[in-house]
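**Student:** Pasting the sequence and the predicted coordinates here, then a few questions.
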Amino acid sequence: MIDFLQTTQGILTAASAYLLVGLGWNIVYNACGYLNLAIGGFYVLGAVVAYEAQARLGLTSFVLVGAVVVLVVGVVGAAAERITLRPLRDRGLAPMLVTLGLALVLLQLAAALVPVTVIRPAVFVAGPPLDLGGVLIGRQELIVWATAAVLTAGLVAFFKRTDVGRTMRACADNEAGARMLGINVPAFATAAFTIGAVLAAVAAFVVAPAQGVAYTSGEYIAIKAFMAISIGGIGRYGGAVVGALVVAAAEGYIARYWNADVRDVVVLSAFLLILYLQAKQPRMAVLRRRAT
Amino acid sequence: MSDDALVIEGLAAGYGELTVLRDVSLTLRPGELTLVGGPNGAGKSTLLRALLGAIPASAGSALLGGEDLLALDMRARLARGLSIVPEGRGLFPSLTVRDNLRVALRAGRAGRRDAQERVDAVVAALPIVGERMDDRVGSLSGGQQQMVAVGRALLMRPRVLLLDEPSIGLAPIVWRHVLKLCRELADEGRIVLLVEQRVLEALDTSDRCAVLQQGRIVHSAAVGDRRAVEQLLESYFASGSAAA
């Protein structure tokens, strides 16, 4: 039983990271209408900025480091959207292809800034793991869970309870209708892209001290997060929570109780099967549903 | 002529290389409901989009209180008091009625107290909006959605209300209610411009009527002038556009 719970706590950490990145996918998809393939790049950039804030700026407070991550990645995300993506709105696949180029630029930028294989900033709170009846839980992992829970709840509240959040939902729902009310739809798209980039960066900021972030981690986590939102329905925030737990649980339990080497093969094959069934059966086509 | 009138002169507009509206001239007065009829493709929706600024005008002017709206962008025109109930209603179906209204109020930069007063006024005029306040717009009937769309436009306290074929998808009884509401809005001193295919049903509610054909106003008359209206109807039926 303890072994099962120990595996489950690792699953919760992975699910938290998938959830944060998945929410980033969803926000951009809802507000901008395309998939942001640079989200993995923003994830790696988040880890790099955190590392640099500690190593070069000498910041030791994780609150300050987090603020620097949010500020730097927010500015980069907003500038990237405003300069490279906004002019391509309503041009079919062009914006999504640009995000692919953006991902490559971000990864090269990250590699140039921190030429180490695995980025692992210092943990936020030093100390031994907590022992809950034999189940060991790292302090940093608790921070990862709390971050995912707080940001998810915060986003739900933001979209339901604030004027800006409601207006972003309105833009996603009916862009032409929003324009006819005088809403500056492109500005809200920039805000959504920025929030998506910051969410991915914050995920890396909290995960990197516990597990480290490699340059290949960006693509990896972006794919896992995409699987999560595909299972939960692209654009659906509640579905992202369920999808993140399903993906993380499948890979965690397969690795622990079957074979770690086949984990990704099995999970990715199952994901392909789900996509196939969704495409084949219209009733299962959650991929086509937009946010509600 | 009142300075508060919207005076359209020689308006031309279209989409890219395609010119849809040509040399359209109309005078819309406060307190009057002006009905513009015409067949599909005549340019009715294009006229409203050009006035709102959703598409650029290539020629002409649209003076409101002496200021040429065509020189302003869409947001500035909305700020001058234009409001539209667009074709398809332009609502946000996954949001509740209340949130649809809130989004409009935020776009119109209404203060909190002012916002509540505006919502109360809309609910007083359209009780169904108040009854369905917490329902998602996508779950409402077509008629109820039309009421929400009109109510949302009213929140902006428009000087000029533009309505693009609001009869689409409405049962006759609901359509008559919408017409009655349009009449009341005009009677409150607003400029109301209604473009419709169902002209006959809307004629008696209107003060002036014009027929748009192939992007041009081919006939216009005051509804009180029966002889002119008969000529207008002949013109309208000759265009093969009568839907009711």
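**Tutor:** Sure, I can see it.

**Student:** Show the pLDDT at residue 244.
**Tutor:** You didn't pick a chain, so chain A it is. We have a pLDDT of 93 for A:Ala244.

**Student:** that's the wrong chain, I wanted chain B
**Tutor:** Per-residue pLDDT puts B:Ala244 at 44.

**Student:** With A:Trp258 instead?
**Tutor:** A:Trp258 carries a pLDDT score of 88 in this model.

**Student:** can you check A:Gln281 too?
**Tutor:** At A:Gln281, the pLDDT value in this model is 68.

**Student:** Likewise for A:Gln211?
**Tutor:** 87.

**Student:** The one 5 residues further on too?
**Tutor:** On pLDDT, A:Thr216 comes in at 84.

**Student:** Pull the number of nearby residues for it.
**Tutor:** A:Thr216: 13 surrounding residues under other CB atoms under 10 Å in any protein chain shown. C-beta coordinates here come from the backbone N, C-alpha and C atoms, glycine included.

**Student:** Secondary structure class of the closest residue to B:Val229 other than its chain neighbours, three-state.
**Tutor:** Take B:Val229 and drop its neighbours on the chain: the residue closest to it by CB to CB, 6 or more residues apart in numbering or on different chains is B:Ala221, 5.4 Å away. Assigned by DSSP: H, G, I helix; E, B strand; the rest coil, the conformation of B:Ala221 is strand.

**Student:** what is B:Ala221 paired to in the beta sheet?
**Tutor:** Note on B:Ala221: beta-bridge partners by DSSP bridges are B:Cys209.

**Student:** isn't it right next to B:Ser206, touching?
**Tutor:** No - applying CB atoms under 8 Å as the test, B:Ala221 and B:Ser206 come out as separate, 10.3 Å apart.

**Student:** neighbour count winner among these two?
**Tutor:** Neighbours per residue, other CB under 10 Å: of B:Ala221 and B:Ser206, the larger number sits with B:Ser206, 25 against 19.

**Student:** Check the gap between the more buried one and A:Ala248 for me.
**Tutor:** 63 Å (CB to CB, to the nearest Å).

**Student:** now do A:Leu155
**Tutor:** 19 Å.

**Student:** which residues in chain B form helices?
**Tutor:** Using DSSP state H, the helices of chain B run over residues B:44-52, B:74-79, B:97-107, B:112-125, B:127-131, B:142-155, B:172-187, B:199-203, B:226-238.

**Student:** what does chain B put close to chain A?
**Tutor:** Contact residues (CB under 8 Å from any CB of the partner chain) of chain B with chain A: B:52, B:54, B:74-75, B:78-79, B:84, B:86, B:88-95, B:99-100, B:102-104, B:106-108, B:152.

**Student:** got any ranges where chain B has weak pLDDT?
**Tutor:** For chain B, the stretches flagged by pLDDT under 70 are B:1-3, B:238-244.

**Student:** in it, what residue is nearest chain A?
**Tutor:** Chain B approaches chain A most closely through B:Gly90 (3.3 Å), counting by CB to the nearest CB.

**Student:** backbone phi and psi for that residue, please?
**Tutor:** Here is the backbone geometry of B:Gly90 (degrees, to the nearest 10): phi 70, psi 20.

**Student:** Grab the nearest non-local neighbour of it.
**Tutor:** A:Gly177 (3.3 Å).

**Student:** Closest residue of the stretch 51-200 of chain A to chain B?
**Tutor:** A:Gly177 (3.3 Å).

**Student:** isn't the residue nearest to B:Gly90 right up against B:Ser94?
**Tutor:** No - if you go by CB under 8 Å, A:Gly177 and B:Ser94 don't touch, sitting 12.0 Å apart.
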